[in-house]
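> 3D model of this:
(one chain, ligands or ions: 1)
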Amino acid sequence: MSETGMKKKYKLVYDRANCIGAGSCVSVHPERWVMNAQDDKADLINATKDEKGEWMVEFTLDELESFKLAAEVCPVNVIHIYDLETGEKVI
Ligand code: SF4
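Predicted coordinates:
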């Protein structure tokens, strides 16, 4: 794979506080989402939390479709994706 293909090109922002625990993200993308039995919200695997309490992770093109799908199926739209180069919102 080319170097550009491996570059972290996207950023996912997850507003976990507003997750209602529907579990749709986990069903479509279990590699990166898991339900937390303690508060019944989804955890984003390998993410970091920012000062606003939002979780984020940067990822490469190969994960874009799966993360996009998770964002699409979330009933409360708390998952968003941004292009790191242009700053544009992907979803
Ligand atoms: S799909 Fe949305 S509301 Fe449902 S668990 Fe995932 S983040 Fe939470």
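> could you pull out the helices for the chain?
Here the chain has its helices, by DSSP state H, at 3-6, 24-28, 64-73.
> find me the pLDDT at the residue lying closest to Gly23 once chain neighbours are set aside, would you?
Among residues not flanking Gly23 along the chain, Met35 sits closest, at 5.8 Å (C-beta to C-beta, 6 or more residues apart in numbering). All C-beta atoms are positioned from the backbone trio N, CA, C, and that covers glycine. At Met35, the pLDDT value in this model is 98.
> what's across from the spatially most central residue of the chain in the sheet?
By C-alpha atoms, centre = their mean, the chain has its centre lying nearest to Leu12, at 4.4 Å. Beta bridges link Leu12 to Val57, Ile81 when assigned by DSSP bridges.
> ok, it touching Lys68?
No: if you go by C-beta atoms under 8 Å, Leu12 and Lys68 don't touch, sitting 9.5 Å apart.
> shared neighbours, those two?
Ile81 (C-beta atoms under 8 Å, 6 or more residues apart in numbering).
> for the ligand, what are the nearby residues on the chain?
Along the chain, the residues adjacent to the ligand under the rule C-beta under 6 Å from any ligand atom are 19-25, 41-42, 74-76, 78-79.
> measure Gly53 to the ligand for me?
14 Å (C-beta to the nearest ligand atom, to the nearest Å).
> the nearest residue to that residue once chain neighbours are set aside: neighbour count?
Spatial nearest neighbour of Gly53, chain neighbours left out: Ala17 (5.9 Å); criterion: C-beta to C-beta, 6+ apart. Ala17 sits with 11 neighbouring residues when counted by other C-beta atoms under 10 Å.
> before we move on, what about Glu65?
10.
> pLDDT score assigned to Glu3?
Model confidence at Glu3 (pLDDT) stands at 55.
> same check on the one 10 residues further on?
In this model, Val13 is scored at 98, pLDDT.
> can you pull the contacts of it?
For Val13, the contact set (C-beta under 8 Å, 6+ apart) comprises Glu54, Trp55, Met56, Ile79, His80, Ile81, Tyr82.
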